[in-house]
Structure formats: C-alpha cells, structure tokens
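1. build me a structure from this.
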Amino acid sequence: MKKPHLSLVSVCVGAFLLPLIGGHMSLDAARIPSDSNLLQSILAGNQAPFLTQFVISLFFLFPLLIAMFTRKVIHVPNVRVTGWLAVFFGCIAVSLLWTSFWLPTLQGILQWIMMAMAFFAVTANAGKKQSIWVLFAFFAGTSLAAAAGILEYGQERLIDPGYRIYALQGGQNQAGALFAACSLLGVTLIFRVERLGKLLIAIGIVLQGLAMVLTQSKGAILCLPLGLAVLLVGLAILKPVPLKQAILAALVPFLLVGLLAVGAQQAARSTKQANTNAPMSRFSNSSEAATQSAGFRKLLWLSAVDLMKKQPQGWGMNSYWYEGTRTGRMTQTALAHQTFLQLGAEASPIAAITLLGFVMAVILRASKGIHRAAEDTQLVYLGSLAVMVVSIAHNMIDSDMYIFGLGSMVFLLLGCMTSSSADSQAPEVIFPIPRYVVAGIAMMLAPMVLIIGMGEYYRAVARGAIAERNPLLAESSLKQAIGIMPLDGTAYAMLGLISRNENDLIKAAHLIPSPKNCRALANYYFALNRPDEAFSPLRKALLRDPNNAPALLLFMNGYERTGNIPTAIEYAKKLVATENSTYFQVRSQAELIPTQTYEARIFLARQSSDPNEKLKLLVEAAKGYLEFTRLTVPVIKRNTSADLGINFAGEDRVTAAEKVEKGRAAAVEIQRLAVKDPTFDPDAAVKLFDAALLDLRSQ
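-> Numbers count the residues shown, from 1 in each chain. As a prediction, this is how the structure comes out:
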C-alpha cells in the first residue's frame with residue numbers, strides 16, 4: 001500500500017480520535033475540577049464535548065482547506081449525491097427561523113456541519129488506493145476504546161457483576177452500536193494485511209465483539225447479524241477473496257467472542273454479591289423494567305410524530321429535549337431514540353428523507369461497476385456497506401447520529417465508499433471563487449464553534465467550582481462564558497441561581513425558556529414573597545410541559561401561601577391526576593420514583609375533614625414514599641457523592657432524606673388517626689423510613 005500523504009494523515013488522526021474522545025453529547029451536565037486545564041478537558045472527551053468535537057473536526061477541516069488551495073484539480077462527490085446533502089442542510093439551517101432555543105439549535109446545526117466535513121475531507125484527500133488508511137485508523141481507535149471498556153468491566157464487576165460498560169462513550173447503547181458496526185469492518189481489513197497485521201486485526205475484532213457484549217445492548221446485538229449477513233452475501237457474490245477464507249474470517253472471531261462472553265459471565269457469577277445484578281442479566285431480563293424501557297421508547301417516537309403534526313416545518317435542531325414534552329406523553333428527554341423521527345420533529349420530515357436519501361445515493365453510486373473493480377476496492381465497499389447496514393438499523397431504534405462520534409463514523413465511511421468509486425466522485429477544476437467561498441464559510445463557522453465550545457468549557461468549570469464550594473470561581477467562569485457568548489441562556493441561569501440576580505434569571509428564561517429555567521425564576525419570586533409574579537413563568541412552563549410535576553407543585557404551594565386554598569386544591573388534584581398518564585407511569589428509568597403527587601396528597605389530606613378520606617390520602621402518600629425509599633434511595637446512594645457534590649438525576653442524599661422525612665411524617669400521622677387501614681402498617685413503615693434516614697445521613 002502506498003504511504004498516505006500529510007493531508008490524509010490528518011484525516012486518519014481525526015478518524016482515530018472519533019471513538020476515543022468523540023462519543024459524548026453536550027448536555028450541560030459535565031463538571032471540570034479546578035485543577036484541570038483546558039487540554040485535559042478536551043482530551044477527556046466528556047468534560048467539554050462540543051469543544052472536543054471542534055478539535056477533532058480540525059483534523060478534517062485543515063486537509064480540506066489545504067486541498068482547496070494547493071490543488072487545481074480536486075476529487076469532488078457527484079452532484080446527485082451532494083444534492084441530497086444540500087437540501088438536508090438547508091432544512092436544518094432554516095430551523096433557526098422558528099426555534100425557541102436559538103443557541104442549542106445553532107449548536108446542533110454546527111455539529112452536523114462538523115460531522116459532514118469528514119465526508120468531504122476523505123473524498124478530497126483519499127484516492128481509490130488510500131481510503132483504506134482511514135478505515136485502519138478508525139478500526140484502531142475503536143479497538144482501543146473496546147480494550148478500555150473491557151478494563152472498565154474488570155474494575156466494576158467485583159462491585160456489580162451486571163455492570164454495563166461505557167467504553168469511553170456517553171452511553172452503553174451507543175457503545176454497543178459502535179462496536180457492532182466497526183467489528184464487521186475488521187473482517188474486510190484482515191485481508192489487506194500480512195501475518196502480524198492479520199493477528200492484530202483479529203484481536204481487534206474479538207476485543208470489539210466482547211466489548212459489545214459487555215455493553216449488554218440488545219439493539220446492537222440484534223443489528224450485528226444484519227450487517228454480517230450483508231457482508232457474507234457480498235463476499236460470496238464479488239469473491240474478492242476465496243469464499244472459505246471469507247467465511248472463516250467472518251465467523252471464527254465472533255464464535256470466540258461468544259466463548260469469552262460465557263467465560264466472563266461465569267467468572268462474574270462466581271463473584272456475585274448480595275443485592276447486585278446477575279452477570280449479563282439484561283439479556284435475559286423480560287421483567288417489568290425491560291417492558292417499561294420499551295414502552296418509554298415508544299412514547300418518544302409517538303411524541304416525535306405528534307410534534308411533526310403540530311408544526312411540520314420542525315421546532316428547531318436540538319429542541320426535542322425541550323419541546324418533546326408538549327405532547328404530555330413523557331418527561332423531558334434529550335433524544336427521541338430514533339434519528340429520523342427526531343430530525344423530522346426538529347427540522348421537518350424533508351430533513352429526515354434527504355439524509356436517508358444521501359446515504360442511499362452514496363451506496364448505490366458506489367455499487368455501480370463494483371464487480372469490475374479491484375479486489376481492494378471491493379473490500380472497502382463491502383466493509384463500509386456492512387457498517388452502514390448496522391448503523392442505519394440501529395439509528396431506527398436510537399438517535400445515534402446525534403452523537404458526534406457515531407454520526408461522523410457514517411460520514412467517514414460514506415466518504416471512503418465515494419473516494420474508492422469512479423461513479424461517486426470525479427476530478428474537477430475548482431475555480432478561485434468557489435475556493436474563496438469555502439474558505440469564507442470556514443473562517444466564519446470555525447470561530448463560532450470555538451466560541452460556543454469555550455462557553456461550554458467555562459460552564460463546566462463553574463459546575464466543578466460549585467461542587468467544590470467555590471462560588472467566586474463559579475461566578476467568574478460564568479461571566480466569562482457570557483462575555484464570549486451573550487446569548488448563553490444556560491450560563492445566565494446558573495449565574496442567577498448563584499448570585500440570586502433577577503435580571504439573570506429573566507434572561508435565562510427568555511433565552512432558554514425551558515420549564516427548569518421558568519421554575520427557577522418562579523422560585524426566586526416566591527422567595528421574595530412576590531407570588532403573583534411567580535405564576536407567569538410557571539404558566540409558560542406548563543405550556544411546554546403540561547404535566548410538569550414540579551411546576552404544578554409550585555402552583556399548589558404558591559396558592560396555598562397566598563391563602564387561595566380552592567385554587568391550591570385544584571392544582572393538587574391536577575397533580576394527582578397525572579398518575580393516570582403515561583407521563584407518570586412510564587419513566588425513562590423505572591427506579592426513579594417522582595414524589596410530587598404524594599406531597600399533593602398530604603396537602604389534600606390536611607384540607608379534608610373526612611377521616612376516611614384523610615386516611616386514604618395519607619396511606620396512598622406513605623405507600624408512594626415507601627416505594628421511593630425502596631427503589632430510588634438505593635440508586636441515589638450508589639450514584640452520588642456528598643463530598644464531591646455529585647447528584648443523580650437532580651437528586652442527592654440531602655434531597656432524598658427530605659422526601660423520606662415526608663413519608664415518615666405521613667406514616668406518623670396515620671398512627672395518630674384512630675381509623676385503621678388493613679393494607680398498610682404504619683409502625684413497620686416508620687421503622688423502614690427511620691432505617692433509610694439513618695443510612696442516608698451516616699455517609
């Protein structure tokens with residue numbers, strides 16, 4: 001193989017880094033310790049994900065610009081391919097016109113642009129013989145991520161044999177999708193190297209296959225056979241290598257993975273401790289939790305369809321996180337768990353159709369004349385096609401392309417298919433004006449991405465400072481974030497909570513009108529005894545999330561404080577009624593029990609003069625808090641740290657103890673009442689609450 005030139009080396013470095021540090025989403029939840037520096041945060045991948053994505057994208061941008069300005073003739077994709085992509089980007093760009101979340105939408109558009117650069121960088125810099133280097137680099141990076149995931153399991157299995165690995169990715173399902181796709185790529189790469197290379201590739205396939213099993217991602221394991229079948233059929237038809245060798249290369253590593261998985265399960269079972277999950281338990285789990293998980297995913301899809309019906313032009317990129325709750329079906333969730341439905345909801349169904357059309361156009365163009373192509377080209381095509389099949393299949397059950405690493409993988413592999421196909425691209429003379437346009441766009445967008453990324457970095461530093469109880473550092477970091485990006489509503493929200501500044505909270509609720517920011521402003525007004533002003537932002541919160549339990553609870557408490565008991569009772573009953581909706585019944589995590597409806601019952605019990613009704617309400621509330629104590633408190637204890645200020649889904653040991661106290665108070669009130677309920681033992685309940693409180697406060 002011809003050695004790659006410097007521009008292609010840069011593309012390969014970007015491909016290598018994608019699975020190692022590009023697998024996280026920017027969700028404004030990360031925190032950076034005060035002793036970390038900017039470089040460490042970028043290389044960590046999960047501390048400032050958007051900034052990390054910008055750095056990776058530079059490895060695709062620079063070679064593209066160098067090619068534009070050092071060569072008169074450049075390989076460009078066929079216009080029938082790029083036409084689909086142009087319409088797609090037009091759809092997501094115009095979503096800025098009607099989004100209520102301008103900065104998140106802009107960030108989403110820029111992320112898709114950065115991912116698409118991988119396609120053009122490979123097409124422009126990799127010829128028919130050199131695109132294989134990009135595949136090798138990506139496979140190597142994924143193999144290292146898999147090795148890290150296996151080591152991760154080795155450390156965690158003693159504590160929890162049923163632990164699901166992340167393998168440097170933001171989620172287990174995304175990690176599973178990555179390994180399922182890339183392991184198939186190794187089956188074709190193994191024929192492009194000699195003995196030692198074959199051994200290394202085989203080891204990489206086994207590592208990725210085993211890591212995929214350890215993610216316990218059912219979707220990834222179900223999608224793998226689809227790609228494997230396509231690969232075997234392609235190898236049988238084109239015969240770039242002897243069929244017997246192809247079958248051995250495709251099946252033997254995965255058989256070995258199966259044996260290693262069984263061995264890992266047996267080893268984990270031997271160390272299983274009480275109160276821990278069984279090893280690989282998720283594969284055999286058909287319990288209520290698994291059913292609830294599938295039900296929640298269905299609600300996400302239905303909500304995306306509802307959003308498309310309400311506003312066909314879309315609600316703005318990255319807005320599903322905020323707008324998905326409008327339908328009242330489920331709680332706030334960042335992803336719709338289906339890429340094309342989410343694109344349809346955020347940027348119109350046309351965006352989803354054109355993205356899928358672009359993928360299919362590249363695959364069909366690259367397939368023309370493939371039976372006459374060289375063996376190496378056939379292997380590149382078949383390996384990339386197998387990855388595409390797995391990726392598209394998994395995108396039907398997850399929003400994988402909203403993850404920078406997985407989305408870039410799709411564009412990267414499509415670029416390899418294009419560059420190795422005569423019908424997908426052609427050498428074109430690029431005149432000065434198009435060159436200047438490309439350079440101008442890059443000079444405009446690159447600083448914009450950097451600014452947004454640095455704002456994300458400063459917000460993460462502020463979170464770290466808050467966790468370390470350093471409000472001065474937190475405040476200065478947030479002011480730096482606002483200084484470089486005055487439209488950063490999240491930074492205003494954090495700064496307003498720290499400094500208790502009304503203007504900051506108002507700006508936050510205006511720039512990011514999420515229920516969370518509206519509630520923060522309402523709480524500020526309640527604290528100043530200005531309830532009438534608090535109700536206005538709460539009404540805005542309920543417009544976007546009609547079943548929002550914290551907002552309904554604030555309404556109830558607010559009207560109680562103002563002496564408007566009838567209206568408070570009305571909102572308490574509305575809150576209790578949400579228990580009949582899927583919003584309450586089907587949660588993203590079955591263990592996280594919301595308690596606002598139980599608090600509403602306690603309020604209604606105080607207002608009731610009927611002993612039987614009072615008893616019924618208190619018993620229902622106490623039972624709810626008992627469920628919270630049994631299911632949610634153990635999860636909070638495992639996933640939080642009082643010393644580091646770490647919480648889990650907004651809960652920590654302090655807030656958990658406050659809720660357990662309310663349950664205990666309800667049980668004590670039941671003890672005081674003369675009426676008995678045969679379904680509830682208040683004495684036993686008080687003992688359980690006391691034990692939980694002792695456990696929470698002793699750590």
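2. tell me if I'm right that Ala30 and Ala460 touch.
-> Yes. The pair Ala30 and Ala460 passes the contact test of CB atoms under 8 Å, sitting 4.6 Å apart. (C-beta placed from N, C-alpha, C; glycine too.)
3. residues shared between the contacts of those two?
-> Common neighbours of Ala30 and Ala460, counting by CB atoms under 8 Å, 6 or more residues apart in numbering, are Gln47, Ala48.
4. these two - which one has more neighbours?
-> Between Ala30 and Ala460, counting by other CB atoms under 10 Å, Ala460 is the more crowded of the two (26 against 21).
5. just the buried residues of the helix or strand containing the more buried one, please?
-> Following DSSP states H and E, the helix or strand that holds Ala460 is helix 432-467. Along helix 432-467, the positions that meet the burial threshold by neighbour count (16 or more other CB atoms under 10 Å) are 438, 442, 445-446, 449-450, 452-467.
6. also stretch 293-308?
-> Using 16+ other CB under 10 Å as the test for burial, stretch 293-308 gives Ser293, Phe296, Arg297, Leu299, Leu300, Trp301, Leu302, Ser303, Ala304, Asp306, Leu307, Met308.
7. all strands for the stretch 351-500 of the chain, in order.
-> Using DSSP state E, counting those that start in this stretch, the strands found in the stretch 351-500 of the chain span residues 425-429.
8. could you pull out the helices for it?
-> Counting by DSSP state H, counting those that start in this stretch, the stretch 351-500 of the chain has helices at residues 375-395, 404-419, 432-467, 471-484, 489-499.
9. same list as before, those that is, but in a markdown table and with mean pLDDT included.
-> Listed next are the helices of the stretch 351-500 of the chain as a markdown table, based on pLDDT from 0 to 100:
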| stretch | mean pLDDT |
| --- | --- |
| helix 375-395 | 92 |
| helix 404-419 | 93 |
| helix 432-467 | 87 |
| helix 471-484 | 94 |
| helix 489-499 | 93 |
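10. dump the helix or strand containing Ala181 to PDB, restricted to CA.
-> Secondary structure assigned from DSSP H and E places Ala181 in helix 172-189. Output for helix 172-189, consisting of C-alpha atoms alone and laid out as PDB, is shown next (Å, rounded to 0.1, in the frame of the first residue of the first chain):
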ATOM      1  CA  GLN A 172     -23.900   1.900  26.700                       C
ATOM      2  CA  ASN A 173     -26.300   1.500  23.700                       C
ATOM      3  CA  GLN A 174     -24.100   3.900  21.700                       C
ATOM      4  CA  ALA A 175     -21.000   2.000  22.600                       C
ATOM      5  CA  GLY A 176     -22.700  -1.300  21.500                       C
ATOM      6  CA  ALA A 177     -23.700   0.300  18.200                       C
ATOM      7  CA  LEU A 178     -20.100   1.400  17.600                       C
ATOM      8  CA  PHE A 179     -18.600  -2.000  18.300                       C
ATOM      9  CA  ALA A 180     -21.200  -3.900  16.300                       C
ATOM     10  CA  ALA A 181     -20.500  -1.800  13.300                       C
ATOM     11  CA  CYS A 182     -16.700  -1.500  13.400                       C
ATOM     12  CA  SER A 183     -16.100  -5.200  14.300                       C
ATOM     13  CA  LEU A 184     -17.500  -6.000  10.800                       C
ATOM     14  CA  LEU A 185     -15.200  -3.600   9.300                       C
ATOM     15  CA  GLY A 186     -12.300  -5.600  10.700                       C
ATOM     16  CA  VAL A 187     -13.500  -8.700   8.700                       C
ATOM     17  CA  THR A 188     -12.600  -7.000   5.400                       C
ATOM     18  CA  LEU A 189      -9.500  -5.200   6.700                       C
END
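11. which parts of the next helix or strand after that helix are buried?
-> Counting by DSSP H and E, the element after helix 172-189 in chain order, helix or strand, is helix 195-215. Buried positions in helix 195-215, judged by neighbour count with 16+ other CB under 10 Å: 200-202, 204-215.
12. and helix 195-215, what other elements does it pack with?
-> With contacts defined as 3 or more CB pairs under 8 Å, 6 or more residues apart in numbering; DSSP states H and E, the packing partners of helix 195-215 are helix 131-156, helix 172-189, helix 218-238, helix 243-270.
13. now with 6 Å?
-> In terms of contacts (3 or more CB pairs under 6 Å, 6 or more residues apart in numbering; DSSP states H and E), helix 195-215 is packed against helix 131-156, helix 172-189, helix 243-270.
14. could you export that helix as CSV, CA atoms only?
-> Extracted as CSV, the C-alpha positions of helix 195-215 are listed here (Å, rounded to 0.1, in the frame of the first residue of the first chain):
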residue,chain,number,x,y,z
ARG,A,195,0.6,-12.2,9.1
LEU,A,196,1.2,-9.9,12.1
GLY,A,197,-1.3,-7.5,10.8
LYS,A,198,-3.9,-10.2,10.5
LEU,A,199,-3.3,-11.2,14.1
LEU,A,200,-3.7,-7.6,15.3
ILE,A,201,-6.9,-7.1,13.3
ALA,A,202,-8.3,-10.4,14.6
ILE,A,203,-7.5,-9.3,18.2
GLY,A,204,-9.3,-6.0,17.5
ILE,A,205,-12.4,-7.8,16.2
VAL,A,206,-12.5,-10.0,19.3
LEU,A,207,-12.0,-7.0,21.6
GLN,A,208,-14.8,-5.1,20.0
GLY,A,209,-17.1,-8.1,19.9
LEU,A,210,-16.5,-8.8,23.6
ALA,A,211,-17.0,-5.1,24.5
MET,A,212,-20.2,-5.1,22.5
VAL,A,213,-21.5,-8.0,24.7
LEU,A,214,-20.4,-6.2,27.9
THR,A,215,-22.4,-3.1,26.9
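15. from the chain's centroid, how far away is that helix?
-> The gap between where helix 195-215 is centred and where its chain is centred comes out at 26 Å by CA atoms, centre = their mean, to the nearest Å.
16. what residues does it touch?
-> Identification of contacts with helix 195-215 by CB atoms under 6 Å, 6 or more residues apart in numbering yields 143, 146-147, 149-150, 153, 164-165, 167, 172, 175-176, 179-180, 182-183, 186, 189-190, 220, 253-254, 256-257, 260-261.
17. of those residues, select the buried ones using a ChimeraX command.
-> Filtering the contacts of helix 195-215 down to the buried ones (16+ other CB under 10 Å) takes a single ChimeraX command:
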select :143,146,147,149,150,153,164,165,167,172,175,176,179,180,182,183,186,189,190,220,253,254,257,260,261
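18. now stretch 521-529: buried residues?
-> Within stretch 521-529, judged by 16+ other CB under 10 Å, the buried ones are Leu521, Ala522, Asn523, Tyr524, Tyr525, Phe526.
19. likewise for stretch 102-122?
-> Across stretch 102-122, burial judged by 16+ other CB under 10 Å covers 103-122.
20. so how far is stretch 658-673 off the chain centroid?
-> Averaged C-alpha coordinates place stretch 658-673 at 38 Å from its chain's average position (CA atoms, centre = their mean).
21. one more: stretch 453-460?
-> Going by CA atoms, centre = their mean, where stretch 453-460 is centred and where its chain is centred differ by 18 Å.
22. contacting residues around that stretch?
-> In this structure, residues lying in contact with stretch 453-460 by CB under 6 Å, 6+ apart are 26, 30-32, 47-48, 50-51, 54, 477, 480-481, 484-485, 488, 491.
23. can we see that at 7 Å?
-> By CB atoms under 7 Å, 6 or more residues apart in numbering, the surrounding residues in contact with stretch 453-460 are 26, 28, 30-32, 38, 41, 47-48, 50-51, 54, 477-478, 480-481, 484-485, 488, 490-491, 494.
24. low-confidence stretches in the stretch 101-250 of the chain?
-> When residues are selected by pLDDT under 70, none of them lie in the stretch 101-250 of the chain.
25. these two touch, right, Lys128 and Gln378?
-> No. Checked against CB atoms under 7 Å, the pair Lys128 and Gln378 is beyond contact range at 11.4 Å.
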